[in-house]
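J.: Quick one, fold the following:
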Amino acid sequence: MPQIRCLSVIAITVVSLLAGIVEGGASSSKQSLFAPFSPEKCDNPPYRTQIISKNPLVIYIANFLTDKEMKHVQEVAKDDFLRSKVAEDDGTSTLAQSRTSQSAVLTRDDTIRCIEDRALTFQGFDTKREHLECIQLVKYGTGEKYNAHTDWFEAELQKTSEMGGNRETSFFAYVAASNITGGGTNFPLLEVPRDEKWCEYIDCDEPWENGVTFRPIPGSAVFWQNIREDGSGDTSTLHAGLPVTSGLKIGMNIWTRQWPMNPEHNADYEDEDDEE
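T.: Purely as a prediction, here's the structure:
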């Protein structure tokens, strides 16, 4: 059945009005929902940053999301989660045992746009919204994980100009971590910092040879650069969502492409089989 993907509140209202769903207060609803998005209304938290690696660039961001935003995204996505898929070289996406989480794409309402604007501003003045893929929530229950992978693509079909090129940067933000053990985000090729202050954010009980494992702390985020200056993918950004051994973890993927994406590849609708 069709699943709404990355559809704006304005678009939803248009569909409702044309279908005759919005009645009575349609005029006032239309007037308020068609008001332009105003970034000044965003409640931007005073986040703090720590550079964990310069090559590749990896930055830890404390307090990237507000409590209100975390509650909101969980509420709007609660009925939309489906089994996560992985990208294949032929441009398709398939189910795989390497990734056993559930995923949901978020509707672009004002709260989501505030998060998008924060991610764009973090990256600099030249990054436009058209470079962003739809924000994705991922949910991990007990035993669920995502094996080591990179966010950038090797297959040419996944990084065409229409697709916006490759995934230049990634954010992984933590939305919820209820009574959780396990479920960290592991970068096996990063050098572990020696300063004990980092133990607030990373799992210092992990063996040094395992690399850096970020603890799932709600509100925080990890940002990294996927693409080298020569345009090639950086293999040292290899990372994994470690298995949740108990509890529940919800995370947020924010991916930025090298160039603006063709709207056809950031579609409002995608056909999904009911059983998926």
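
J.: Only C-alpha atoms from now on, for both contacts and neighbour counts.
T.: OK.

J.: Could you spell out the sheet neighbours of the top strand by length along the chain, each with its direction?
T.: Longest strand in the chain, counting residues (DSSP state E): strand 167-182. Each strand paired with strand 167-182, and its direction, by DSSP bridges: strand 221-225 (antiparallel), strand 244-257 (antiparallel).

J.: Can you check which of those gets nearest to residue 191?
T.: strand 221-225 (14.5 Å; CA to CA).

J.: contact partners of the closest one?
T.: Here strand 221-225 makes contact (CA atoms under 8 Å, 6 or more residues apart in numbering) with 56-64, 168-174, 237.

J.: Show me what secondary structure element comes after that strand.
T.: Downstream of strand 221-225, the next assigned helix or strand under DSSP states H and E is strand 239-241.

J.: per-residue confidence averaged over that next one?
T.: For strand 239-241, mean pLDDT rounds to 99.

J.: roughly how far out does that strand sit from the chain middle?
T.: Mean-position distance between strand 239-241 and its chain equals 14 Å (CA atoms, centre = their mean, to the nearest Å).

J.: before we move on, what about stretch 243-251?
T.: Using CA atoms, centre = their mean, the offset of stretch 243-251 from its chain centre is 16 Å.

J.: that older thread, which members of the contacts of strand 221-225 are classed as buried?
T.: 56-64, 168-174, 237 (16 or more other CA atoms under 10 Å).

J.: how far does stretch 102-115 stretch from start to finish?
T.: Using CA to CA, to the nearest Å, one end of stretch 102-115 lies 21 Å from the other.

J.: rewinding a little: determine which of the strands paired with strand 167-182 approaches residue 84 most closely.
T.: Set against residue 84 and scored by CA to CA, the strands paired with strand 167-182 come closest in strand 244-257, at 12.4 Å.

J.: List the single closest residue to residue 190 in space, sequence neighbours excluded.
T.: Residue nearest to residue 190 in three dimensions, not counting chain neighbours: residue 211, with 5.3 Å by CA to CA, 6 or more residues apart in numbering.

J.: And that neighbour, what's its pLDDT?
T.: pLDDT recorded at residue 211 is 98.

J.: Number of residues surrounding it?
T.: Neighbourhood size, residue 211 [other CA atoms under 10 Å]: 18.

J.: what sits against it?
T.: Applying CA under 8 Å, 6+ apart, the residues near residue 211 are 186, 187, 188, 189, 190, 191, 192.

J.: closest to residue 106 among these?
T.: Looking across these and measuring by CA to CA, the closest to residue 106 is residue 186, at 24.9 Å.
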